[in-house]
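Q: all I have is the shape, not the residue letters:
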Ligand SMILES: O=C(O)CCC(=O)C(=O)O
Ligand SMILES: [Fe+2]
């Protein structure tokens, strides 16, 4: 049986990316190891998405923007926060389109080329992997279900130094992704500052306290013969402080869980999707809450999304900050730094919520 063996990033000979494999095999039906168990399959019943707030960051009334942001991040109480759209965010349509296109081009390159392009970093932080969600370095065991996607990710601090390791193909990758990540960094800071202000701490408090490790992830979901049995990414909260997602205007694929149902987060022209990260949820002791979401596939066309995450710095201790501690503070046996937290999350996914941090309502 074929194994999607991607257990060692440096042993590139083993990587068989889904997109490239599909080019070769042209599956007419979904291989059985991509078929989700019944309970995880995309539901047919979808709620209309007009309940997702659209926040105009270009407005002049700062207090109003803060209010809206906070409301959206708290609205449904514990574990029920939602995703939001932001518009008038200051990033040009041209740059958004160029960024999506450069990542589409990246995923369209032959597997060999992709491997070369993400093998420059001696620390192995640049990764290309397929299919798995939380287990990029793991060999699939019998019975485990794969995700219908390929993923490319790398750290993207705004320093020039890190850029030496970035792909130089496709043409203009560094130029476009460099500009994009600089602008997204400013936007992410703006959102975190607005949230900080709304939560009653100093504007820069959140990232000053947690440090930061900005990362860019390009998800690619090839067209799938049967989207009703597959998932691009199973349900999760992002293990970040904040996430800003760029999706294609013509292709739907992001779902948000709300009140036990799934709603489609349809693309809105020129808007970003913003997601409060699970780390911010923990740091604020549940004052703001990350939305639970998933990505589904579709049968007609591939979908690419560009995910910009502000992770805390690797050594930041993941625990509620003093400012947010109260009688409801979770009783924790131990605190991890983000490096360990992330490794735990990669291994256990959302179980971390029950197993490690028992957040009281
Ligand atoms: O592709 C999407 O819309 C969602 C991606 C996502 O949730 C993630 O990368 O964490
Ligand atoms: Fe996510």
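A: Received the coordinates, thanks. Source: prediction; values computed, not measured. Numbers count the residues shown, from 1 in each chain. Ligands and ions are numbered 1, 2, ... in the order given.
Q: okay, helices next: where are they in the protein?
A: With DSSP state H as the criterion, the chain has helices at 18-25, 62-74, 93-108, 111-117, 160-163, 173-199, 205-210, 278-283, 338-348, 351-355.
Q: flag every residue of the stretch 251-361 of the chain that's near ligand 1.
A: Within the stretch 251-361 of the chain, the positions near ligand 1 by Cβ under 6 Å from any ligand atom are 253, 254, 293, 295, 305, 307. C-beta: built from backbone N, CA, C; applies to glycine.
Q: residue 214: neighbour count?
A: Neighbourhood size, residue 214 [other Cβ atoms under 10 Å]: 21.
Q: same question for residue 340.
A: By other Cβ under 10 Å, 15 other residues sit near residue 340.
Q: where does it land on pLDDT?
A: pLDDT, residue 340: 91.
Q: ok, the one 5 residues further on next?
A: At residue 345 the predicted local distance difference test score is 84.
Q: so it touches residue 238, yeah?
A: No - taking contacts as Cβ atoms under 8 Å, residue 345 lies outside contact range of residue 238: 9.9 Å.
Q: so which bits of stretch 179-196 are buried?
A: For stretch 179-196, burial by neighbour count (16 or more other Cβ atoms under 10 Å) applies to 179-181, 183-185, 187-196.
Q: do the same with stretch 289-301
A: Within stretch 289-301, the residues that count as buried by 16+ other Cβ under 10 Å are 289, 290, 291, 292, 293, 294, 295, 296, 297.
Q: quick one, what contacts the fourth one?
A: Taking Cβ atoms under 8 Å, 6 or more residues apart in numbering as the definition of contact, the neighbours of residue 292 are 79, 235, 236, 237, 256, 257, 350.
Q: between these, which sits nearest ligand 1?
A: Using Cβ to the nearest ligand atom, residue 236 is the member of the contacts of residue 292 that lies nearest ligand 1, at 6.6 Å.
Q: now do the end-to-end distance for stretch 68-87.
A: This stretch, stretch 68-87, spans 13 Å end to end (Cα to Cα, to the nearest Å).
Q: next one: stretch 244-261
A: For stretch 244-261, the first and last residues are 23 Å from each other (Cα to Cα).
Q: in it, what counts as buried?
A: 244-248, 251-258.
Q: which among these gets closest to ligand 1?
A: residue 254 (3.6 Å).
Q: do you know how far the closest one is from residue 294?
A: Applying Cβ to Cβ, to the nearest Å, the value for residue 254 to residue 294 is 8 Å.
Q: state the pLDDT value of the residue most central in space within the chain.
A: Compute the mean C-alpha point of the chain, and by Cα atoms, centre = their mean the closest residue is residue 307, 5.1 Å away. Looking at residue 307, its pLDDT is 98.
Q: for it, what are its contacts?
A: Residue 307 sits next to 216, 217, 218, 219, 238, 243, 244, 245, 246 when contact means Cβ under 8 Å, 6+ apart.
Q: pairing partners for it in the sheet, please.
A: On the basis of DSSP bridges, residue 307 is bridged to residue 217, residue 245.
Q: ok, now how distant is it from residue 269?
A: Distance of residue 307 to residue 269, given as Cβ to Cβ: 19 Å.
Q: how about residue 34?
A: 32 Å.
Q: okay, those two: which has more neighbours?
A: Taking other Cβ under 10 Å, residue 34 and residue 269 do not tie; residue 34 has more neighbours (22 against 8).
Q: the more buried one and residue 232 touch, don't they?
A: No - in this structure residue 34 lies outside contact range of residue 232 using Cβ under 8 Å: 10.6 Å.
Q: need the overlap of contacts for those two.
A: Joint contacts of residue 34 and residue 232 (Cβ under 8 Å, 6+ apart) are 147, 148.
Q: pick the one among the contacts of residue 307 closest to residue 42.
A: Minimum distance to residue 42 across the contacts of residue 307 is 16.3 Å, recorded for residue 219 (Cβ to Cβ).
Q: is it true that residue 167 touches residue 121?
A: No - here residue 167 does not reach residue 121: they are 10.7 Å apart, not a contact under Cβ under 8 Å.
Q: neighbour-wise, which of the two wins?
A: residue 167 (21 against 16).
Q: so what pLDDT did that one get?
A: What the model reports for residue 167 is a pLDDT of 96.
Q: who touches stretch 219-230?
A: Applying Cβ under 8 Å, 6+ apart, the contact partners of stretch 219-230 are 18-19, 22, 27-30, 34-36, 41-42, 44, 103-104, 107, 147-152, 232-233, 253, 295-307.
Q: mind running it again at 6 Å?
A: Contacts with stretch 219-230, where a contact means Cβ atoms under 6 Å, 6 or more residues apart in numbering, come from 18-19, 22, 27-30, 34-36, 41, 107, 148-151, 232, 296-299, 301-305.
Q: again with stretch 256-273
A: 43, 46-47, 49, 83, 85-87, 89, 93, 244-245, 247, 249, 252, 254-255, 291-293.
Q: equivalent analysis for stretch 168-184, please.
A: Residues outside stretch 168-184 that contact it (Cβ under 6 Å, 6+ apart): 91, 95, 98-99, 102, 105-106, 117, 156, 158, 163, 166-167, 244, 308.
Q: lowest-confidence entry in the residues you listed?
A: When those are compared by pLDDT, residue 158 scores lowest at 77.
Q: that one against residue 185, yeah?
A: Yes - look at residue 158 against residue 185 with Cβ atoms under 6 Å: they come within range, at 5.5 Å.
Q: the stretch 251-361 of the chain: strands as residue ranges?
A: Using DSSP state E, counting those that start in this stretch, the strands assigned to the stretch 251-361 of the chain run over residues 254-258, 261-264, 272-276, 293-295, 303-311, 317-318, 336-337.
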